[in-house]
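1. 3D, please:
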Amino acid sequence: MKDRIVLVTGATRGLGLAIAENFTRGGAKVALNYAHDDVAATSAKERLSALGTVELFKANALSADGVESLVASVRDKWGEIDTVVLNATPIQHEKTIDAYTDADFESMYRAFVMSPHYLTRAVVPEMKVRQFGRIIHVTSEVFHCGSSPFSAYVAAKGGQIGYVRSTAMELAPHGITVNSVAPGWIPVERHAAVTESAKDSYLENVPVGRWGTREEVAEAVRFFAEEHSGFLTGQTLAVNGGRTLL
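-> Below is the predicted model of the structure:
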């Protein structure tokens, strides 16, 4: 990863922070994108700066204008981005079918289909010039498991995986790979309020019998980013202890 320029969206907490740390330890220059929490962002930068080269980039990675500003800022700082990890996520709605509004579905579609499109569109031209690029989506097991009551989220994640497959086919001749890592439930900060009974219920259906870690997800993302992973594209790797085998 030495001298690679890596952009990780939603990078200052949870899975994004673990992914950013993995790349930083590997020698990459890592752009830490975040949207709101300046305190968490400052803490993340202080932690990772001790390991390598990182910089904070505050922008809304779920909007077209935010993405344009974000990519331009990273380029101004370090040059062209060769690796993108699409990890940013809003709150996922948990509602029954009759309770969903059009706005609920639209917000999930914007986050998981349009936002990846904005970022891909922004970085691909220069990747084509250099005939190299790595685009890695953090998706979810929910599409493969049909989790409920999350129909808006699951549908959007299905759209995202479809976008991965189509863009992988289109960009393959240019040396650009597009893949996704689909984690199971990996408890992070935003799950602090989840009940122990809900956690126990989930864990009962994990074949390996334990929780996954954010570091394991980060390793899977790093695998797709490696130079020697150039023959892998359009793939989704489930990091969920075997739940999609059930």
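
2. which residues are contacting stretch 215-235?
-> 1, 4, 6, 15, 18-19, 21-23, 26, 83, 85, 134, 136, 138, 164-165, 168-169, 171-172, 175, 177-181, 183, 186, 237, 239 (C-beta atoms under 8 Å, 6 or more residues apart in numbering). For glycine as for every other residue, the C-beta is placed from the backbone atoms N, C-alpha and C.

3. Please name the strands paired to the lengthiest strand in the chain in the sheet, noting orientation.
-> The longest strand of the chain (DSSP state E) is strand 176-183. Applying DSSP bridges to the sheet, strand 176-183 is found paired with strand 133-138 (parallel), strand 236-239 (parallel).

4. looking at the chain, which helix or strand is least sure?
-> Scoring the helices and strands of the chain by mean pLDDT, DSSP states H and E places helix 142-145 at the bottom, with a mean of 84.

5. Narrow the contacts of stretch 215-235 to just the buried residues.
-> Buried members of the contacts of stretch 215-235, scored by 16 or more other C-beta atoms under 10 Å, are 1, 4, 6, 15, 18-19, 21-23, 26, 83, 85, 134, 136, 138, 164-165, 168, 171, 177-181, 183, 186, 237, 239.

6. Point me to the residue sitting farthest from the middle of the protein.
-> Largest separation from the mean C-alpha position in the chain: D98, at 29.4 Å (C-alpha atoms, centre = their mean).

7. where does the most centrally placed residue in the chain fall, phi/psi-wise?
-> Nearest residue to the geometric centre of the chain (C-alpha atoms, centre = their mean): N87, 2.2 Å. Main-chain torsions, N87, degrees, to the nearest 10: phi -120, psi -20.

8. ok now do it, which residues does it touch?
-> Residues near N87 by C-beta under 8 Å, 6+ apart: 8-11, 15-16, 19, 138.

9. so which helix or strand takes in W211?
-> Assigned by DSSP states H and E, W211 falls within no helix or strand.

10. burial measure for it, as a count.
-> 15 (other C-beta atoms under 10 Å).

11. go on, A238?
-> The burial count for A238: 20, using other C-beta under 10 Å.

12. Bridged to it, which residues?
-> Here A238 sits in beta bridges with A182, going by DSSP bridges.

13. Let's see the pLDDT reported for the closest residue to K199 other than its chain neighbours.
-> Leaving aside its sequence neighbours, K199 sits nearest to P187 (C-beta to C-beta, 6 or more residues apart in numbering; 7.2 Å). With respect to pLDDT, P187 has a value of 80.

14. got the contact list for the nearest residue to R25 once chain neighbours are set aside?
-> Among residues not flanking R25 along the chain, L51 sits closest, at 5.5 Å (C-beta to C-beta, 6+ apart). By C-beta under 8 Å, 6+ apart, the residues touching L51 are 21, 24-25.

15. Now the lengthiest helix in the chain: buried residues?
-> Looking across the chain with DSSP state H, the single longest helix is helix 151-171. For helix 151-171, a neighbour-count test (16+ other C-beta under 10 Å) marks 151-161, 163-165, 167-168, 171 as buried.

16. Also stretch 222-236?
-> 222, 224-225, 229, 233-234, 236.
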